[in-house]
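[1] What shape does this take:
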Amino acid sequence: MSAIALRTALPADRDAVVELIHQLNVFEADLVGDRRRDYAAAAEYYDELMQRLSRRNGRIVLAVTEGLTVGAMGFSLDQDAAYVADSLRNHGTVTDLIVHNDWRGRGIGQMMLNEAERLTKEAGLKRLFIGVLVANERAERTYRAFGFEPYVSILSKEL
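    Below you'll find the model as predicted:
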C-alpha cells in the first residue's frame, strides 16, 4: 500500500469530499433509511459542514495517497454546557469520519482518529467526542477499539 498522508482540505478539494459524503449517505441510507441518496444532498451537507466548522475552529482533514483522496474527517474544537466541569467542558469533536469504500479496513480511519486525538491534545484539551449511528456496527467497533466509550444516547421516535 502506498503511503497515506494527512492534510487539511483546501477549497479545491470540495469535489473529492462531496464524493466521499455521497458514498457515506448511500451506505447509511441502507442502514437507517432516512438518508438522501442524491449527489445534491452531499453537496448541500458539505456546505453546511464547512459553515459549522468555520464557526467552531474546525477543519476537514484528508487522507491522501498518490493524489487520491481516500478519507475525510471533520474535526472541531467545541464547548459543552456550563454544567460540565471546567476541566472537561472544552473538547475536540470528530464531526464526520469517512473512508472511501475501496479503502476501508486498511487503518485509514485509525490514522485519522489518531490525528483528531493529536489535535485535541495540541489544543490542551482532555476529551474527544465522536458520534456513530447505532446501525453502523463496524464504525462503532472501530471507535470502541480506539478507546471511545458510550457517553450519551440519543433516542428517536417516529411520529
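
[2] For residue 71, list each beta-bridge partner.
    residue 63, residue 99 (DSSP bridges).

[3] How far does stretch 30-49 sit from its chain's centre?
    Distance of stretch 30-49 from the chain centroid (Cα atoms, centre = their mean, to the nearest Å) equals 14 Å.

[4] And stretch 34-53, by the same measure?
    Using Cα atoms, centre = their mean, the distance between the centre of stretch 34-53 and that of its chain works out at 13 Å.

[5] what comes up buried for it?
    Within stretch 34-53, the residues that qualify as buried are 35, 41-43, 45-46, 49-50, 53, counting by 16 or more other Cβ atoms under 10 Å. Any C-beta I mention is one placed from the backbone N, CA and C, and that applies to glycine too.

[6] Closest one of those to residue 19?
    residue 42 (7.4 Å; Cβ to Cβ).

[7] Let me see the contact set for that closest one.
    Residues in contact with residue 42 (Cβ atoms under 8 Å, 6 or more residues apart in numbering) are 18-19, 21-22, 25.

[8] quick one: which of the buried residues of stretch 34-53 is nearest to residue 136?
    Proximity of those to residue 136 (Cβ to Cβ) peaks at residue 35, which lies at 11.5 Å.

[9] how much space is there between that closest one and residue 130?
    18 Å (Cβ to Cβ, to the nearest Å).

[10] next one: residue 32
    17 Å.

[11] between these two, who's got more neighbours?
    residue 130 (21 against 12; other Cβ atoms under 10 Å).

[12] The closest residue to residue 64 other than its chain neighbours: how many residues sit nearby?
    The spatially closest residue to residue 64, leaving aside those adjacent along the chain, is residue 5, at 5.3 Å (Cβ to Cβ, 6 or more residues apart in numbering). Using other Cβ under 10 Å, residue 5 has 11 other residues around it.

[13] Now do the same contact list for residue 5.
    Neighbours of residue 5 in contact, by Cβ under 8 Å, 6+ apart: 63-65.

[14] which one's the longest helix in the chain?
    helix 14-32 (DSSP state H).

[15] can you dump the C-alpha coordinates of that one into CSV?
    C-alpha atoms of helix 14-32 as CSV (Å, rounded to 0.1, in the frame of the first residue of the first chain):
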residue,chain,number,x,y,z
ARG,A,14,-14.5,20.2,-2.4
ASP,A,15,-15.5,17.7,-5.1
ALA,A,16,-13.4,14.9,-3.6
VAL,A,17,-15.0,15.5,-0.1
VAL,A,18,-18.5,15.7,-1.6
GLU,A,19,-18.0,12.4,-3.3
LEU,A,20,-17.0,10.8,0.0
ILE,A,21,-20.0,12.3,1.7
HIS,A,22,-22.2,10.9,-1.1
GLN,A,23,-20.8,7.4,-0.6
LEU,A,24,-21.5,7.6,3.1
ASN,A,25,-25.0,8.9,2.6
VAL,A,26,-25.8,5.9,0.3
PHE,A,27,-24.2,3.5,2.8
GLU,A,28,-26.1,4.9,5.7
ALA,A,29,-29.3,5.0,3.7
ASP,A,30,-29.1,1.2,3.6
LEU,A,31,-28.6,1.1,7.4
VAL,A,32,-31.3,3.6,8.6
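
[16] Okay then, goodbye and thanks.
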